[in-house]
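Peer 1: need a structure here:
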Amino acid sequence: MVDIEKLRQAVTTYTHQASPTSANSSTPATVGDINNLVSETVKVLTCFINELEKNT
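Peer 2: Next comes the predicted model:
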């Protein structure tokens, strides 16, 4: 069975970890920000895939 709470926690963590480093919304994203976004996206999607695979 899919652990919905685990998926919600993954999304919450993603939201915090993937946010830009600058609090100013008009500041362009840095290469580091984009690399971090990609890395965090991989983590959250992997979590979802792992949970879905439990049902196969």
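Peer 1: how near is the residue nearest the centre of the chain to Phe48?
Peer 2: The residue lying closest to the centre of the chain (C-alpha atoms, centre = their mean) is Tyr14, at 3.1 Å. Distance of Tyr14 to Phe48, computed by C-beta to C-beta, to the nearest Å: 10 Å. Any C-beta I mention is one placed from the backbone N, CA and C, and that applies to glycine too.
Peer 1: contact partners of the helix ranked longest in the chain?
Peer 2: Counting residues, the longest helix found in the chain (DSSP state H) is helix 31-53. For helix 31-53, the surrounding residues in contact (C-beta atoms under 8 Å, 6 or more residues apart in numbering) are 2-3, 6-7, 10-11, 13-14, 17-18, 20-22, 29.
Peer 1: could you do stretch 11-23 as well?
Peer 2: Contact with stretch 11-23 is made by Thr27, Ala29, Thr30, Gly32, Asp33, Asn36, Leu37, Glu40, Thr41, Lys43, Val44, as judged by C-beta under 8 Å, 6+ apart.
Peer 1: filter those down to the buried ones, PyMOL style.
Peer 2: Here is the PyMOL selection string for the buried members of those, based on 16 or more other C-beta atoms under 10 Å:
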select buried, resi 33+36+37+40+44
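Peer 1: could the contacts of stretch 11-23 go into JSON lines alongside distance to Lys54 and pLDDT?
Peer 2: Putting the contacts of stretch 11-23 into JSON lines (distance: C-beta to C-beta, whole Å; pLDDT from 0 to 100) gives the following:
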{"residue": "Thr27", "distance to Lys54": "40", "pLDDT": "88"}
{"residue": "Ala29", "distance to Lys54": "35", "pLDDT": "88"}
{"residue": "Thr30", "distance to Lys54": "37", "pLDDT": "90"}
{"residue": "Gly32", "distance to Lys54": "34", "pLDDT": "92"}
{"residue": "Asp33", "distance to Lys54": "33", "pLDDT": "91"}
{"residue": "Asn36", "distance to Lys54": "28", "pLDDT": "94"}
{"residue": "Leu37", "distance to Lys54": "27", "pLDDT": "94"}
{"residue": "Glu40", "distance to Lys54": "22", "pLDDT": "95"}
{"residue": "Thr41", "distance to Lys54": "21", "pLDDT": "96"}
{"residue": "Lys43", "distance to Lys54": "17", "pLDDT": "95"}
{"residue": "Val44", "distance to Lys54": "16", "pLDDT": "96"}
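Peer 1: please consider this matter closed, and thank you.
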